[in-house]
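Visitor: Got a sequence here, can you model it:
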Amino acid sequence: MQASLNTRLLQQFEVDGYVILERAVNASLITQIKVALSPYLQGEKYGRNDFEGHCTERVYALLAKAPVIASLIEHTDTLALIDRLLPENYLLSAALAINLHPGETCQPWHIDDAAGGLPWPLPRPRLGVSTIWALDDFTAENGATEVLPGSHLWPQSRQPDPRDARPILMPAGSVVVFDGRLMHRGGANQSAHQRLAVTPQYCAPGLRQIENMALAVPPECAATYSARIQSLVGYNVIAPGFMGYVDGQHPKKLLDPTYKGRKYRSDLPAS
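Guide: Numbers count the residues shown, from 1 in each chain. A predicted model of the protein is given here:
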C-alpha cells in the first residue's frame, strides 16, 4: 500500500473509527473461500441467541477448517494498517465466517474488544482492530454491517442512537477495517439472498484472545501456515521479554524442533 494512501486512511480511521478497502481481493479467491466454507454452511446450524443470530450460520476455528482463509487474515494491505494501529506482536483474537439468511434481524449494538470483560471504562486506548471481509455484496437490503461513526471515542455513558447508523455498503471482495471500540452491529437481511462475510479480529499482544487459538489451531495445524500466521495465532513471544513461552522455550519449538530462537548463541550447549 502506498505510504500516502496509508497515511490518509489512518487519518480517516482515527476520526471515523473505520475505513473501507474496496475490491481488495479478486473473484477467484472469493470462489475458493466459498467452496472451502460450503461444507459448514448447509443451513443446519443457526445461532443460539440474538447476538449470533437465529437466522445466521457461524463457522468458528476457520484456520483448522478452511486454510484458504489465511489469505484474508494476513492480507498485506490490511496488516499494513493494523501494524500502525496495534503494538508489535499483536495477535489474531478471532476468525469466523458469518452467513446471514433472509429474515435475519438486526444484531444488538456492541464493540468487539469488550468480549473479555475488560475492567477499563470507555474512553480508553485502543485494544483491538477488527476486519469484516465481504464475500457477497454488502447492501442496505441484505444486512450490511452498520456502524456509528466516531463512537470509538465515546464515553461509557453515551448510548447508541440508531438514527446515526451508517451501513457499510461495499462490493464483494472489499474489507472494512475498524477500531475495536467502534459501536457496530449486523444489519437486518430483508433480501431474498444470503450474505456471507469473514471477520478476522486482532488484539494487543498482552490480552487473552476471544477464541482460544492454542486449541483451535494446535501445533500440527499451525505448522502448515506461514510464519506470520503462526505469530498471529500465538506461536510467538512478546519482545522485549518472553511472555508466551512454553516450558521455558519459544513456542515455535512446538512447530519446528530445530528452531533455535531469536537469541540463539552457537557457543552455548543445546537445551
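Visitor: Then Val19 would be within a strand, right?
Guide: Yes: assignment of Val19 by DSSP: H, G, I helix; E, B strand; the rest coil places it within a strand.
Visitor: contacting residues for it?
Guide: For Val19, the contacting residues are Leu9, Gln12, Phe13, Leu81, Val176, Val177, Phe178, by Cβ atoms under 8 Å, 6 or more residues apart in numbering. In this view, the C-beta of every residue, glycine as well, is placed from N, C-alpha and C.
Visitor: which SSE is the second one in?
Guide: Gln12 belongs to helix 3-16 when assigned by DSSP states H and E.
Visitor: So for that helix, what gets flagged as buried?
Guide: By 16 or more other Cβ atoms under 10 Å, the buried positions in helix 3-16 come out as Leu9, Phe13, Asp16.
Visitor: hmm, who's touching stretch 81-91?
Guide: Residues lying outside stretch 81-91 but in contact with it, judged by Cβ under 8 Å, 6+ apart, are 1, 6, 9-10, 13, 19, 126, 128-129, 177, 179, 202-205, 207, 209, 213, 231-234, 236-239.
Visitor: just to revisit the earlier point, could you dump the buried residues of helix 3-16 into JSON lines with pLDDT and distance to Ala197 added?
Guide: Written out in JSON lines, the entries for the buried residues of helix 3-16 read as follows (pLDDT from 0 to 100; distance: Cβ to Cβ, whole Å):
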{"residue": "Leu9", "pLDDT": "95", "distance to Ala197": "20"}
{"residue": "Phe13", "pLDDT": "98", "distance to Ala197": "20"}
{"residue": "Asp16", "pLDDT": "98", "distance to Ala197": "20"}
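Visitor: Between the residues you listed, which sits nearest Asn142?
Guide: Distances from these to Asn142 were compared by Cβ to Cβ; the smallest belongs to Asp16, at 22.8 Å.
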